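Chemist: sharing a sequence plus its predicted fold:
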Amino acid sequence: MTTPKSKAAPPLDLETMRACADRFRATDTEVPPQDRLETLTLQLHGHLTLAVPEVETAALALPEESVARACALFCVGEARLRLSVQPGRSLSAQVAHTQRLARSVRTLCDHYENEDHQCPNAPERAAYLRMLLHCPACRDCRTVDDNGEAVGSCVTGDRLYEEYRQARRSPLFGSGL
């Protein structure tokens with residue numbers, strides 16, 4: 001069944017999604033029987049399938065230089081990657097896969113609920129993404145000599161690289177502290 005395009009999609013049921021994710025998020029959780037593990041994995045997969053486009057749409061509406069946007073888009077990409085991965089055959093591989101799906105569900109719920117949600121390493125991710133967006137498109141950043149050594153001089157590229165280095169060094173970078 002399709003819904004009319006004029007109707008907005010219903011909001012995500014964050015309470016249900018978080019409850020499902022929390023059932024298996026902790027590493028000390030007792031491993032459920034195989035059939036329950038498969039059911040939980042399918043539920044988490046379904047929650048991610050619903051959350052990814054919603055969070056991505058909201059993130060793309062944020063300012064391009066926003067750390068929250070960069071972090072949300074990184075988390076969306078990570079969730080898509082996890083959706084595309086098939087778990088291994090061993091029980092421990094299946095458990096690890098389900099735990100990763102649960103972490104992605106929880107993170108996307110946080111992003112959906114609060115667009116200013118910051119992941120613990122959001123400043124580093126945001127700085128890295130800004131650098132990745134700029135440098136391949138910048139002719140100065142891509143200039144190399146006959147040996148393939150970078151010779152371009154780009155003030156913006158240098159600044160973005162330094163911001164990335166600082167973000168990797170200090171969790172306080174970008175927080176105003």
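Modeler: Perfect, thanks for sending it. Numbering: from 1, shown residues only.
Chemist: which other helices and strands contact the longest helix seen in the chain?
Modeler: Counting by DSSP state H, the longest helix found in the chain is helix 34-60. Helices and strands touching helix 34-60, by 3 or more Cβ pairs under 8 Å, 6 or more residues apart in numbering; DSSP states H and E, are helix 14-22, helix 67-84, helix 91-113. C-beta coordinates here come from the backbone N, C-alpha and C atoms, glycine included.
Chemist: pull the contacting residues for the residue sitting nearest the centre point of the chain.
Modeler: Residue closest to the average C-alpha location in the chain (Cα atoms, centre = their mean): Cys75, at 0.7 Å. Cys75 sits next to Val55, Ser104, Thr107, Leu108, His111, Cys119 when contact means Cβ atoms under 8 Å, 6 or more residues apart in numbering.
Chemist: measure it to Cys20 for me?
Modeler: Per Cβ to Cβ, to the nearest Å, Cys75 is found 18 Å from Cys20.
Chemist: lowest confidence element among the helices and strands of the chain?
Modeler: Ranking every helix and strand in the chain by mean pLDDT, DSSP states H and E puts helix 122-134 at the bottom, with a mean of 77.
Chemist: okay, now the domains of the protein?
Modeler: Structural domains assigned to the chain are 14-26+33-113, 122-169, following automatic domain parsing.
Chemist: among those domains, where is the model least confident on average?
Modeler: Sorting those by mean pLDDT places domain 122-169 lowest, at a mean of 82.
Chemist: chain center to it: distance?
Modeler: Taking Cα atoms, centre = their mean, to the nearest Å, one finds domain 122-169 lying 21 Å from the centre of the chain it belongs to.
Chemist: same thing with stretch 11-26?
Modeler: Remark: stretch 11-26 is offset 17 Å from the chain centroid, using Cα atoms, centre = their mean.
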